[in-house]
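Chemist: make a model of this:
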Amino acid sequence: MSRSRYVWVFRRNRKQWEAAVERGEKSTEFWYGFKSLPQELAGTYVEDEMQRWSRWLGFIDGWVAKRLGMGFALGAVFDHWQALRNAEVIVTTQDSGGLPVAWLKALGLLSAKIVYISQGLTDRIEQLDGREPWLRKQLKRAVAAVDILLVWGEGAITPLKKWLGSEAPQMDHVPFGVNTDFWHVASESHLRKGNILSVGSDPWRDYRTLFKAVPDQSLDILTKLPLNESDHSSIHRVEAETDTDLRALYQKCSMVVVPVADVAQPSGQSTVLQSLACGAPVVMTRTRGFWAEGILEDGVHCLMVPPEDPDALKRAVDRLQEDKELAERLGAAGRKVVEEKLSEKVMAAAIGQWMRQVGEA
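Modeler: As a prediction, this is how the structure comes out:
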């Protein structure tokens, strides 16, 4: 089998997503630039389709997931072994797929160069709190074997360097970006009369602080996380079967509030960018993993508040409710900055540049 120049590794569902994108029901940013790159860089992709090896080695995935809160898709790597062995450059887009690829390279079983995109790995490592020394050693060994480690925000680099120490590979942060053709402002956007909207299901979402901040206001919440609805008097769980449904929620709400814990992972990033692209005024938590330093500015593109500070969050929400001109101005400026600096095309160009550099080294 001839060598493939570039092979991307995705976790799951991309083939189903292809059909949804064609129907206009799904956006494309969670292809992480693959859809926007020229063909010579996009190459081909593989994903975890739960084939033979994934079923046989699923216990490893589950063992790691129980300890880290994320998987280790070793079986999926073996399901696509020939494609990965014949790749010159492998681009991994999530830690659950990237770690087994990098680990096998560290063991000398794969020779391809690796462009590894990480999303909050050190937060998972911190959860181990010194436990599982063998697992921590193998994870560090794996990450040290990659050729470039990319993260979505500058704030994630410091904890990675601290964890990896002298074994750290080359690192850089690239801007995550959304599809600004899909996420857009509605023609009737001036009629924003919906409730406050909050969206997100990652474990770092801090809905408790939101409930404390605005205990008497109607909240539309879209999440898979369990909520203690006794903490708030007026929670409305909303649903979005497709990205088209989610876009409609962004377009109609009065504002989007994205409360997150103080983690290195860029939690809330996609929600913020999708909301801004739809022209919604946004209140977001500024965490140690802030991912848009020098791009998003407090009071210019959105309002930012400290982590776990319900009083500051309440002041920000009240400010937008009382100052409609500010809300409209933030919505317009937010849309503009996403188009110019935080779009899917910008993300693809940044990743593509690293792919070329690694491939030519």
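Chemist: contacts, neighbours, all on C-alpha from now
Modeler: Noted.
Chemist: residue 267 touches residue 199, doesn't it?
Modeler: No: Residue 267 lies out of contact with residue 199 (C-alpha atoms under 8 Å); the separation is 11.3 Å.
Chemist: from residue 174, how far off is the closest residue to residue 290 other than its chain neighbours?
Modeler: Closest residue to residue 290 in three dimensions, ignoring its sequence neighbours and counting by C-alpha to C-alpha, 6 or more residues apart in numbering: residue 155, at 5.6 Å. The spacing between residue 155 and residue 174, counted by C-alpha to C-alpha, to the nearest Å, is 11 Å.
Chemist: ok so, going back, the residue nearest to residue 290: how many residues sit nearby?
Modeler: 21 (other C-alpha atoms under 10 Å).
Chemist: contacting residues around it?
Modeler: When contacts are counted by C-alpha atoms under 8 Å, 6 or more residues apart in numbering, residue 155 touches 264, 288-291.
Chemist: cool, residue 42 as well?
Modeler: Residues in contact with residue 42 (C-alpha under 8 Å, 6+ apart) are 6-8, 34-35.
Chemist: next step: those restricted to helices.
Modeler: Judged by DSSP state H, those include no members of helices.
Chemist: neighbour-wise, give me the winner out of the residues you listed.
Modeler: The residue in the contacts of residue 42 with the most neighbours, by other C-alpha under 10 Å, is residue 6 (26 neighbours).
Chemist: what segments of this structure are strands?
Modeler: 4-10, 44-47, 87-92, 113-118, 148-151, 171-173, 196-199, 219-222, 235-237, 255-258, 282-285, 303-305 (DSSP state E).
Chemist: adding mean pLDDT and distance to residue 62, write these out as a markdown table.
Modeler: Below are these laid out as a markdown table (pLDDT from 0 to 100; distance: least, C-alpha to C-alpha, whole Å):
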| stretch | mean pLDDT | distance to residue 62 |
| --- | --- | --- |
| strand 4-10 | 91 | 18 |
| strand 44-47 | 91 | 18 |
| strand 87-92 | 96 | 20 |
| strand 113-118 | 97 | 20 |
| strand 148-151 | 97 | 25 |
| strand 171-173 | 96 | 29 |
| strand 196-199 | 97 | 27 |
| strand 219-222 | 96 | 27 |
| strand 235-237 | 92 | 30 |
| strand 255-258 | 98 | 30 |
| strand 282-285 | 98 | 32 |
| strand 303-305 | 98 | 36 |
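Chemist: please name the nearest non-neighbouring residue to residue 257.
Modeler: residue 283 is the one closest to residue 257 (C-alpha to C-alpha, 6+ apart), at 4.7 Å.
Chemist: can you give me the distance of the one you found to residue 76?
Modeler: Look at residue 283 and residue 76: by C-alpha to C-alpha, they are 39 Å apart.
Chemist: how about residue 214?
Modeler: 44 Å.
Chemist: and the two? Which one has more around it.
Modeler: In this view residue 214 and residue 76 are compared by other C-alpha under 10 Å, and residue 76 has more residues nearby, 29 against 21.
Chemist: which residues sit in contact with the more buried one?
Modeler: By C-alpha under 8 Å, 6+ apart, the neighbours of residue 76 are 47-51, 53-54, 97.
Chemist: quick check, nearest of those residues to residue 14?
Modeler: Of all the contacts of residue 76, residue 14 sits closest to residue 47, with 7.2 Å by C-alpha to C-alpha.
Chemist: how about the helices in the stretch 151-300 of the chain?
Modeler: 157-164, 207-213, 243-252, 269-277 (DSSP state H, counting those that start in this stretch).
Chemist: contacts for stretch 206-220?
Modeler: By C-alpha under 8 Å, 6+ apart, stretch 206-220 touches 195-198, 227, 231-238, 259-261, 308-311, 313-314.
Chemist: any idea of the mean pLDDT for stretch 179-194?
Modeler: What stretch 179-194 shows for mean pLDDT is 82.
Chemist: re the thing from before, select from the contacts of residue 76 the entry with the lowest predicted confidence.
Modeler: Among these, residue 50 has the lowest pLDDT, at 73.
Chemist: from residue 56, how far off is it?
Modeler: Using C-alpha to C-alpha, which is the criterion applied here, residue 50 is 9 Å from residue 56.
Chemist: higher neighbour count, these two?
Modeler: residue 50 (15 against 11).
Chemist: next up, phi/psi of that one, please.
Modeler: phi 50, psi 50 (degrees, to the nearest 10).
Chemist: which non-adjacent residue is nearest residue 163?
Modeler: Closest residue in space to residue 163, ignoring its immediate chain neighbours: residue 122 at 7.5 Å, by C-alpha to C-alpha, 6+ apart.
Chemist: contacts for stretch 164-176 next, please.
Modeler: The contact list for stretch 164-176 (C-alpha under 8 Å, 6+ apart) reads 32, 140, 143-154, 157, 160-161, 269-270, 291-292, 341-344, 346-347, 350-351.
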